[in-house]
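In: Take a look and give me a structure for this.
(one chain, ligands or ions: 1)
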Amino acid sequence: MQREAFAALDRADPLAPLRERFLLPPGVINLDGNSLGSLPRSTAARVSRVIEKEWGEGLITSWNRHDWIGMPQRVGDKIARLVGADAGEVVVTESTSINLFKVLAVALQMRAGRRAIVSEAENFPTDLYMAEGLTKLLGQDHMLRLVPAHRLPHALDADTAVLMLTQVNFRTGALHDMAALTAAAHAAGALAIWDLSHSAGAMPVDLNGARADFAVGCGYKYLNGGPGAPAFVYAAARHQGQAAQPLYGWLGHADPFEFAASYRPAEGIRQYVVSTPSILALAALEEGVDLLLQADLGELRAKSQALTEEFIALVEAHCAGLGLTLVTPRDPARRGSQVSFAHEQSYAVMQALIARGIVGDFRAPDLLRFGFSPLYIRHVDVWDAVHALRDVLATGAWQRPEFQSRAAVT
Ligand SMILES: *Cc1c(COP(=O)(O)O)cnc(C)c1O
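Out: Take a look at the predicted model:
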């Protein structure tokens, strides 16, 4: 297939009009939307309006007049529609790590007497660190038990309080079967917590269909909320009001403006809020979420699978013998919206690609990682990225000295 065939796919793409709603720098292809999503065109004007009108002129009255105080729940209700939750089950607040700490603590209270948090050894490190820190805080009785992905169902036992997993693996892009693993956790009497950082906004997610107990997710990846965007947390309606998350912040109090000396948890999802929300960041996130809500999530998933299929096929056709090994599942039903290849010189290869405007990333120890955010990545982008990759590898362009030194953020 030639480049023109890919351009034809773009002309037939039902999501193509949504790409126009992003401000994409010319000559750059963002294959790292799974790490930092691109900028919606509407975001800058929205944030300026919040700054100049709502903050500059409205001052404190904007908490009521512009319903700043309701934003965590309003944007949460919108994200609920992307992840198969109902209104009142999701709130936007703090970060993914902090939210994970909250739901882990709630789940452990709900399964008092059971000691283990079970997770995958390859889970995203901050998830494992938060669990490690919490088990230490709770004392020697609690433990984090890590197993390889294929051993997960066997690791669930009568001592398991919670199964904590990320739906799509950040390194390999492997996609877990959320419904099956949640059912396995429940069969063992445990609860299931899902991190949707690499799935929300990239594919339909069905938390309630899977009977998930709790979930968290990231605002700055496929939701396009901007660097450091606030995260979201989901608690199934049936669990709300049972156990309180332990970070007793005033905005999770039943009546914050009572200014009572002791804490009384809010009954609904608002109990998961700790602190005053960053309104500028929430406004930016809402622009990203609003754009996603205009997409048909089935079409989004179909396009994502087509892009990753094309990428694998083109790399294998054009970069054969150049040292790349696919580490992402070959079955499109078993992967998220990214493709990773191992290469001995992956760091330098990625730097050389970035210098050509193909922005992916390097993940230690040896992965080239490419994310395909289906809202704004085109089929021709796949073609162009593979041809740049082939050129970098075939010419040895990655060997140049400027591509060798490691920056702080990879
Ligand atoms: C990106 C990501 C995070 C990010 O956590 P922060 O607290 O926002 O820094 C957490 N977990 C997973 C699985 C991620 O992919």
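
In: where along the stretch 151-300 of the chain do the strands fall?
Out: 160-166, 191-195, 214-217, 232-235 (DSSP state E, counting those that start in this stretch).

In: interface residues of the stretch 101-250 of the chain facing the ligand?
Out: 124, 126-127, 166, 170, 195, 197-198, 218, 231 (Cβ under 6 Å from any ligand atom). In this view, the C-beta of every residue, glycine as well, is placed from N, C-alpha and C.

In: mind redoing it with 8 Å?
Out: With the criterion set to Cβ under 8 Å from any ligand atom, the stretch 101-250 of the chain comes near the ligand through 123-124, 126-127, 166, 170, 195, 197-198, 216, 218-221, 228, 231.

In: Pick out the most distant pair among these.
Out: Pairwise distances across these (Cβ to Cβ) peak at 21.5 Å, for the pair 123 and 228.

In: Looking at these two, which one has more neighbours?
Out: residue 123 (19 against 13; other Cβ atoms under 10 Å).

In: one step back: make a ChimeraX selection of whichever of the residues of the stretch 101-250 of the chain next to the ligand turn out to be buried.
Out: Buried residues among those (16 or more other Cβ atoms under 10 Å), as a ChimeraX selection:
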select :123,124,127,166,170,195,197,198,216,218,219,220,221,231
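
In: and of the residues of the stretch 101-250 of the chain next to the ligand, the nearest to residue 156?
Out: The closest of those, once distances to residue 156 are taken by Cβ to Cβ, is residue 123, at 15.5 Å.

In: And what about the closest one, helix, strand or coil?
Out: coil (DSSP: H, G, I helix; E, B strand; the rest coil).

In: thinking it is in contact with residue 167, fair?
Out: No - counting by Cβ atoms under 8 Å, residue 123 does not reach residue 167; the two are 10.8 Å apart.

In: so residue 58 touches residue 66, yeah?
Out: Yes - with contacts counted by Cβ under 8 Å, residue 58 reaches residue 66, the gap being 6.4 Å.

In: returning to that earlier point: mind listing the shared neighbours of residue 123 and residue 167?
Out: residue 195 (Cβ atoms under 8 Å, 6 or more residues apart in numbering).

In: Grab the nearest non-local neighbour of the residue nearest the centre of the chain.
Out: Nearest to the mean C-alpha position of the chain, counting by Cα atoms, centre = their mean, stands residue 197 at 1.8 Å. Sequence neighbours aside, residue 218 is the residue nearest to residue 197 in space, at 3.9 Å (criterion: Cβ to Cβ, 6 or more residues apart in numbering).

In: list the contacts for the one you found?
Out: 96, 196-197, 200, 229, 231.

In: Which single residue of the stretch 151-300 of the chain ends up nearest the ligand?
Out: Of all residues in the stretch 151-300 of the chain, residue 197 sits closest to the ligand, at 3.3 Å by Cβ to the nearest ligand atom.

In: Verify the stated contact: that residue with residue 97.
Out: No - judged on Cβ under 8 Å, residue 197 makes no contact with residue 97 at a distance of 10.3 Å.

In: Going along the chain, name the helices of the stretch 201-350 of the chain.
Out: Taking DSSP state H, counting those that start in this stretch, the helices of the stretch 201-350 of the chain run over residues 279-293, 297-318, 346-355.

In: what's the model's confidence in the last one, averaged?
Out: If I follow you right, that is helix 346-355. Helix 346-355 carries an average pLDDT of 97.

In: Which positions in stretch 29-46 come out as buried?
Out: Residues 29-40, 42-43, 46 are the ones in stretch 29-46 that count as buried (16+ other Cβ under 10 Å).

In: Need the strands of the stretch 151-300 of the chain in a markdown table (columns: mean pLDDT).
Out: Below are the strands of the stretch 151-300 of the chain laid out as a markdown table (pLDDT from 0 to 100):
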| stretch | mean pLDDT |
| --- | --- |
| strand 160-166 | 98 |
| strand 191-195 | 98 |
| strand 214-217 | 98 |
| strand 232-235 | 98 |
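
In: mind checking which of the ones you listed is nearest residue 311?
Out: Per Cβ to Cβ, nearest to residue 311 of the strands of the stretch 151-300 of the chain: strand 160-166, 21.8 Å.

In: Could you check the angle the closest one makes with strand 191-195?
Out: Inter-element angle recorded for strand 160-166 and strand 191-195: 20 degrees (by axes from the mean of the first three to the mean of the last three Cα atoms, to 10 degrees).

In: Name the residues that touch strand 160-166?
Out: 100, 104, 107-108, 111, 114-120, 123-124, 127, 131, 145, 152, 156, 176, 181-182, 184-185, 188-198.

In: next one: stretch 71-84
Out: 67, 85-93, 196, 200-201, 204-210, 215, 217, 223, 230, 232, 234, 269-270, 273, 277, 279, 282-283, 285-286, 289-290, 292-293, 297.

In: change it to 7 Å
Out: 86-87, 89-93, 196, 200-201, 205-209, 215, 232, 234, 269-270, 273, 277, 279, 282, 285-286, 289, 292-293 (Cβ atoms under 7 Å, 6 or more residues apart in numbering).

In: Select, from the contacts of residue 218, the two members most distant in space.
Out: Largest separation among these by Cβ to Cβ: 196 and 229, giving 14.0 Å.

In: of those two, who's got more company?
Out: residue 196 (30 against 25).

In: Let me see the contact set for the residue nearest to the more buried one when sequence neighbours are not counted.
Out: Leaving aside its sequence neighbours, residue 196 sits nearest to residue 217 (Cβ to Cβ, 6+ apart; 3.6 Å). Shown in contact with residue 217 (Cβ under 7 Å, 6+ apart): 96, 195-197, 200, 231-232.
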